[in-house]
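**Q** Let's see this in three dimensions:
(one chain, ligands or ions: 1)
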Amino acid sequence: MAAVCFICNPKANYGRAASLAAQLRPLVTNHYGAEWRETAYYQHAIKLAQEAAAEGVERIIAMGGDGTVHEVVNGLMALPPEERPAVGIVPVGSGNDFAASLGISPRPLEALQQALEGRTCPTDIARIYDDRGHSEYWTNTLGIGFDAVVNIRTRQVRGALRGLGVYLVAALQTILLNHQPYHLRLETDGQVWEEELLMLTLCNGRRQGGMFWMAPQGSPTDGQIDYVGVRTISRPKMLYTLPFFIRGKHDHLPYTCHGAFRHLILEADRPLYIHTDGEIYAGFDSTIRRLSVESIPGAIRFVHAH
Ligand SMILES: Nc1ncnc2c1ncn2[C@@H]1O[C@H](COP(=O)(O)OP(=O)(O)OP(=O)(O)O)[C@@H](O)[C@H]1O
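**A** Residues are numbered from 1 along each chain as shown. All right, here's what the predicted structure looks like:
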């Protein structure tokens with residue numbers, strides 16, 4: 001068994017990852033002698049990661065987008081810490097935000113080199129528990145409200161559009177149709193406060209949606225989860241605010257709130273729409289009103305490039 005195993009999602013980036021995978025596979029298996037596995041269905045990477053760990057692989061390289069990394073992490077976190085292989089990323093998805101947060105190159109060949117030879121360091125993982133009794137690990141961001149609904153709507157419009165167009169149409173739909181704040185009771189590390197928020201994003205990584213620097217100063221190795229919230233503002237102001245998030249310059253806006261925590265308990269006045277790493281955790285049929293989130297410091301060694 002090779003010490004390195006690639007877990008490749010050929011469906012990443014609307015299926016475009018498949019041709020890149022076909023190009024890189026011979027290099028990976030023949031030149032570097034690594035194992036190569038491909039996902040065949042949704043959540044298959046969870047199982048593949050656990051199988052690779054059981055076979056004694058030392059480094060798993062997740063080749064896909066944030067969803068692939070999310071699944072690999074959920075597979076590995078079910079294992080005792082000492083049995084978790086290190087993880088590298090070759091970002092071939094559409095967002096690739098956690099890779100960007102770790103400084104990984106967006107160029108596949110450069111990222112391949114980094115994933116195989118880069119240094120690894122203990123990296124925080126986050127976990128959500130909800131009032132249905134469900135729990136899941138996440139690595140990059142967890143979004144509640146606006147960005148979760150945009151995520152859900154993105155899936156509905158992306159057959160017809162591509163790239164930024166998908167996001168803009170989904171964002172406009174959300175601003176028009178889902179402009180309803182949550183009344184939230186939050187408890188961060190024992191401190192209780194209340195907010196009316198249109199959006200709350202929790203960040204272990206720094207960027208989401210391929211372009212929004214939600215926590216530009218955040219770090220996935222500081223043992224904390226950053227948060228950014230947007231209070232109730234008008235619809236035009238929502239549009240006005242988006243470019244501030246693209247530039248990561250939103251912290252001075254008076255209608256945003258920011259901070260960091262290790263442990264959060266949150267209660268809402270109505271069901272919460274939630275995404276974890278861009279995957280829908282709770283959609284329009286959600287019944288979740290109460291959840292908690294914790295940081296698990298240094299839970300998995302990731303390849304970092306800075
Ligand atoms: N063979 C497959 N068939 C269908 N879906 C798959 C298959 N393999 C993986 N998937 C699913 O593809 C989804 C998207 O993967 P991923 O997030 O890696 O790519 P992406 O959405 O293009 O990137 P990003 O999340 O960075 O925007 C994941 O939910 C994953 O479970």
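
**Q** Count residues in the vicinity of whichever residue of the stretch 101-250 of the chain sits closest to the ligand, would you?
**A** Residue of the stretch 101-250 of the chain nearest the ligand, by Cβ to the nearest ligand atom: residue 210 (6.6 Å). Just so you know, the C-beta spots here come from the backbone N, C-alpha and C atoms, and that holds for glycine as well. Residues lying near residue 210 (other Cβ atoms under 10 Å) number 18.

**Q** For it, which non-adjacent residue is spatially closest?
**A** residue 95 (4.3 Å; Cβ to Cβ, 6 or more residues apart in numbering).

**Q** How about the helix or strand of the chain with the lowest mean pLDDT, which residues are buried there?
**A** Ranking every helix and strand in the chain by mean pLDDT, DSSP states H and E puts helix 163-177 at the bottom, with a mean of 87. Residues of helix 163-177 classed as buried: 166, 167, 169, 170, 171, 172, 173, 174, 175 (neighbour count, 16 or more other Cβ atoms under 10 Å).

**Q** of all those residues, which two lie farthest apart?
**A** 166 and 175 (15.1 Å; Cβ to Cβ).

**Q** Show the subsequent helix or strand relative to the least confident helix or strand of the chain.
**A** strand 182-188 (DSSP states H and E).

**Q** just how off-centre is that following strand within its chain?
**A** Here the centre of strand 182-188 is set off from its chain's centre by 22 Å, with Cα atoms, centre = their mean, to the nearest Å.

**Q** One more: stretch 104-114?
**A** 19 Å.

**Q** Could you give me the buried positions within it?
**A** Buried residues in stretch 104-114 (16+ other Cβ under 10 Å): 104, 105, 108, 111, 112, 114.

**Q** The second one in helix, strand or coil?
**A** Going back to what we said before, that points to residue 105. Under DSSP: H, G, I helix; E, B strand; the rest coil, residue 105 falls in the coil class.

**Q** Excluding chain neighbours, what is closest to it?
**A** Nearest non-adjacent residue to residue 105 (Cβ to Cβ, 6+ apart): residue 111, at 4.7 Å.

**Q** mind checking how far the one you found is from residue 91?
**A** Residue 111 is 6 Å from residue 91, where distance means Cβ to Cβ, to the nearest Å.
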